[in-house]
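Novice: Got a predicted model here, sequence first, then my questions.
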Number of protein chains: 2
Amino acid sequence: MKKSLLQKERSSYQPKLPKGLQGAVKVKEGAPTQSVSDREEIQKLFPNTYGMPLVEFVPGNEANHEAMNVGVILSGGQAPGGHNVICGIFDEVKKLNPNNRLYGFLMGPGGLVEHNYIELTSEIIDDYRNTGGFDMIGSGRTKLEEEDQFEKGLEIIRKLDIQAIVIIGGDDSNTNACVLAEYYAAKKCGVQVIGCPKTIDGDLKNDQIETSFGFDTATKTYAELIGNIERDCNSARKYWHFIKLMGRSASHIALECALQCQPNVCIVSEEVQQKDMTLNQIVEQIAAAVADRASRGMNFGVVLIPEGLIEFIPSIGRLIGELNDLLAAHGADYKDLDKEAQRAYILAHLSKENAETFATLPEGVARQLSLDRDPHGNVQVSLIETERLLSDMVEAKLVAWKKDGKFDGKFAPLHHFFGYEGRCAAPSNFDADYCYALGVSAAQLIANGKTGYMAIVKNTTAPTDEWKAGGVPITMMMNMERRSGEMKPVIRKALVELDGAPFREFARLRDEWAKETCFIYPGPIQYWGPAAVCDRTTRTLELEQQ
Amino acid sequence: MKKSLLQKERSSYQPKLPKGLQGAVKVKEGAPTQSVSDREEIQKLFPNTYGMPLVEFVPGNEANHEAMNVGVILSGGQAPGGHNVICGIFDEVKKLNPNNRLYGFLMGPGGLVEHNYIELTSEIIDDYRNTGGFDMIGSGRTKLEEEDQFEKGLEIIRKLDIQAIVIIGGDDSNTNACVLAEYYAAKKCGVQVIGCPKTIDGDLKNDQIETSFGFDTATKTYAELIGNIERDCNSARKYWHFIKLMGRSASHIALECALQCQPNVCIVSEEVQQKDMTLNQIVEQIAAAVADRASRGMNFGVVLIPEGLIEFIPSIGRLIGELNDLLAAHGADYKDLDKEAQRAYILAHLSKENAETFATLPEGVARQLSLDRDPHGNVQVSLIETERLLSDMVEAKLVAWKKDGKFDGKFAPLHHFFGYEGRCAAPSNFDADYCYALGVSAAQLIANGKTGYMAIVKNTTAPTDEWKAGGVPITMMMNMERRSGEMKPVIRKALVELDGAPFREFARLRDEWAKETCFIYPGPIQYWGPAAVCDRTTRTLELEQQ
């Protein structure tokens, strides 16, 4: 494997650990825990893994540990730092007993079911220290939900004499980790399951999990690019850049990037939803910023758009719902009509409110919503180029305003979508340290006989020494939610809270950002140099922990 | 102006200078020079600025300099380091005589003609040290070509008592700088004009100019992103990423990024042109790599595409030529026909070869080439999304091959275009040093009475101390070329040379890159840390200087 100069130099970085994990480790247990709601139901579903205490690791005395084998799985989308979690597990299990072995299941949870694995040796591990990507063992989106999957997994677990599995994933993967833990506990298999909080989206966080790993590096990478575009925008002074940012289920990424870069406009899906804003209102908000800046000679700006926006607009949600019904009941009646007749048919059969929403949509988007479905009959929202949809509609609005004398400027939009650019970036110092500590914690949870726990690290805005590592029972973070028509126990997803500190800071400043040019240019992630630059964390975390 | 943490720490970076510029400076002159060809014609066009010697700056003795005022202009597209050129000019003219003043003309060459300027004070300068962007004084694309522009400029030059203008720009801007220098020299205005070699495209280089500034930083920024995408590609193992890279007139950016990142395929426009490759051949080359990798279980990869590719494909060039004539002569005959009739009409009226080329094009592209013209009647090549065009055609090819049993895999393409992400990045240490040295050289050329020169710095793969700064007569780099139907004296543009070291290195390795997964992940630009990481220059320069 040929490596870049940076990789070579960076491979020798030794992640910093919290004091509690630096030497021998002792477990400090708290009081029994409860789930965040629906306590009775969740206790009933998880009789063996409910109510366990919070765990914190503090300095302890050396102890002898019997040899044990551990398996690790990467689940779902890539996030910077995943390799360091595995390195942390590896180093700690080898420290506990040099005869311990670590197995990596390949290409995600499917590797456990299909018995695809490798043993992770120090040669392999050393090649991946402080690197981005999940390519050490690959990842995948197979969901571990069925008993026959659990049983197939148990076969290889027995064969390799594995004592515990670590599943590194997002909210769903960790929910499933807990279901698996409960299953093996109920069957008294003697197999522990531990989770690790991964996702660049930042929506896996709560009182126990301060941040999911990868969010720091991914948002810094996007902020670097947004800052570069802002600087170009402010130099050329003739384009409006519409930048869509990955993350369908929450707007944490867009909000964090806005706090770092101070663009002229940033849409936050959760606000759109809570205020029941229409697509037209969003378009008017952007167009108003364009017109106002144009009136003062500034025909340029930057707009940030969260990838999931469309699904958060309540009126579009209601429209999609009725279109789904219409397609199911009458799709055959109109699918062979020509475009205009189709549009007329649909408009005639929709409720008044939804027909009005439908009528405001550009033709291409209207077609996608009414006709282009995936094999399951669902609208393919991810195919809608929201950044172009918005700029097209803003342009149409500005043309109308120009006729009315309300806009007297130029509007030249450019489009960007950032996602794959940041998911596999090499981890920042923060993510490198955080992930390594999560891995060491996971190994310690295993060594201390825990199952159904997620590894956690708290106090993360303090210096690394003062971080507090430990574990949280996964059931503690659960509630019951409707998923695919059924009530299920799941980890509650963290959306942007409008009364949270990050959004309030954004709301306090955004009018000035729209009027003036307040761009900030964060620049690329730095691994060496002043600590203020290299070891700073996200604005979101800083504001939340203030 | 609110600054990022990185900007704050980076502002105190003191660019390193070549020995010859570190203290008092003496001029070492070479023998008279000749233009690279068309010597008689160019000498006739530039009687006052032709044949001057090459200049090198070496350590000298302190001398008194009379006060002088200088003007500076940023011309054309942004490139990282432009602000450092201005900082270098500022520091040097103030060092020569603290009463010297530096004026910045605003929003490009138009600022000179329209008398828009500011005086650059140390407060302003200090805010922009080592920053990206051209926002200190803005840039623009007005071409200084007409005598009335020169005369309008002279008015403000006289009013501000300016002795010399520095024009920071690409090949055309520097050609025009020389025309301006000649004009003022012929009129004995006592106004000097100096150029500086700027362009991220890397196509302004020759025996005297080793590299244009900005190329290093921009390609490193793109390589960071390409590396991140490669790592994602190699982790998810299910997508083919088609990445288009800015730069219409040459493929230096794509080639440099390929050498840094080792993608599976990189198209080099100059090779396509020289080998008279058709669009279909390019598509087959990519499809062959996809099919071969698929046959070994690898349904993923990365393809780099230079933005200007379409214009370099000879058969497309011939087709566009004939379509231009057809549109002019018979456009009215077919413009109101329906799509199919239009296509039939065009096919019937084209020569056999061009009709065959036309027939291979997807419908959307065929329409763009035959009907969608800009106001001057030219095909809008920049609107063609080459990355999608190629992946669509590759997909069609693979569908056909699948039927023939020649392809048995999956093909899921994703698309990216990188340009604005890198043009305004904060300059790397290399560009920060190089630009600052160019600025200091420009000031010294002025102080030594030179005009019609470009500031240069050579030996740039050696440590900064050993760099050699000086000046080159712009006429020395000129030849006669047909531009808009007229023969004009211009600086010869540097295309990728197929017998040059960078392309030969690429050609030596590319078969292996296509077959295997040899991705390299360069990571973000580092400003602090090991010199191997922070001060390395481009692979192109390293290979050319070997």
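Specialist: On my side now, so go ahead.

Novice: For the rest of this, base every contact and every neighbour count on C-alpha atoms.
Specialist: Will do.

Novice: Get me the contact residues on the stretch 101-250 of chain A for chain B.
Specialist: Within the stretch 101-250 of chain A, the positions near chain B by CA under 8 Å from any CA of the partner chain are A:132-136, A:138-140, A:225-226, A:228-229, A:231-232, A:234-236.

Novice: which ones are touching whichever residue of the stretch 51-200 of chain A sits closest to chain B?
Specialist: Chain B sits closest to A:Asp135 of the stretch 51-200 of chain A, with a gap of 4.2 Å, by CA to the nearest CA. Taking CA atoms under 8 Å, 6 or more residues apart in numbering or on different chains, we find A:Asp135 in contact with B:231, B:234-236.

Novice: got it, and A:Met454?
Specialist: Here A:Met454 is in contact with A:174, A:194-197, A:442, A:471-474 (criterion: CA under 8 Å, 6+ apart).

Novice: tell me the mean pLDDT over stretch A:259-270?
Specialist: Mean pLDDT, stretch A:259-270: 98.

Novice: Name the residues of that stretch that are buried.
Specialist: The neighbour-count check on stretch A:259-270 (16 or more other CA atoms under 10 Å in any protein chain shown) flags A:259-270 as buried.

Novice: Any chance of TSV for those, columns secondary structure?
Specialist: Below are the buried residues of stretch A:259-270 laid out as TSV (DSSP: H, G, I helix; E, B strand; the rest coil):
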residue	secondary structure
A:Leu259	helix
A:Gln260	helix
A:Cys261	helix
A:Gln262	coil
A:Pro263	coil
A:Asn264	coil
A:Val265	strand
A:Cys266	strand
A:Ile267	coil
A:Val268	coil
A:Ser269	helix
A:Glu270	helix
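
Novice: Would you format those residues as TSV with distance to chain B included?
Specialist: Formatted as TSV, these follow (distance: CA to the nearest CA, whole Å):
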residue	distance to chain B
A:Leu259	11
A:Gln260	8
A:Cys261	9
A:Gln262	10
A:Pro263	13
A:Asn264	15
A:Val265	17
A:Cys266	19
A:Ile267	21
A:Val268	23
A:Ser269	25
A:Glu270	27
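
Novice: wait, which of these is closest to B:Val27?
Specialist: Ranked by distance to B:Val27 (CA to CA), the buried residues of stretch A:259-270 are led by A:Cys261 at 45.5 Å.

Novice: Just the strands from the stretch 201-350 of chain A, written as ranges.
Specialist: Secondary structure of the stretch 201-350 of chain A (DSSP state E, counting those that start in this stretch): strands located at A:240-245, A:265-266, A:301-306.

Novice: The closest residue to chain B within the stretch 151-300 of chain A: what's it in contact with?
Specialist: Closest approach between the stretch 151-300 of chain A and chain B, counting by CA to the nearest CA: A:Ser235, at 4.2 Å. Residues near A:Ser235 by CA under 8 Å, 6+ apart: B:78, B:133-136, B:138-139.

Novice: Filter the residues of the stretch 101-250 of chain A next to chain B down to the ones in helices?
Specialist: Among those, the members falling in helices (DSSP state H) are A:225-226, A:228-229, A:231-232, A:234-236.

Novice: Neighbour-wise, which one of these leads?
Specialist: Highest neighbour count within those, by other CA atoms under 10 Å in any protein chain shown: A:Ile226, with 32 neighbours.

Novice: Farthest-apart pair in the contacts of A:Ser235, please.
Specialist: So, these by CA to CA: farthest apart are B:Gln78 and B:Met136, at 11.7 Å.

Novice: Around chain B, pick out the residues from the stretch 351-500 of chain A.
Specialist: With CA under 8 Å from any CA as the criterion, the stretch 351-500 of chain A comes near chain B at residues A:420-426.

Novice: before we move on, which element is A:Pro489 in?
Specialist: In this assignment (DSSP states H and E), A:Pro489 forms part of strand A:486-491.
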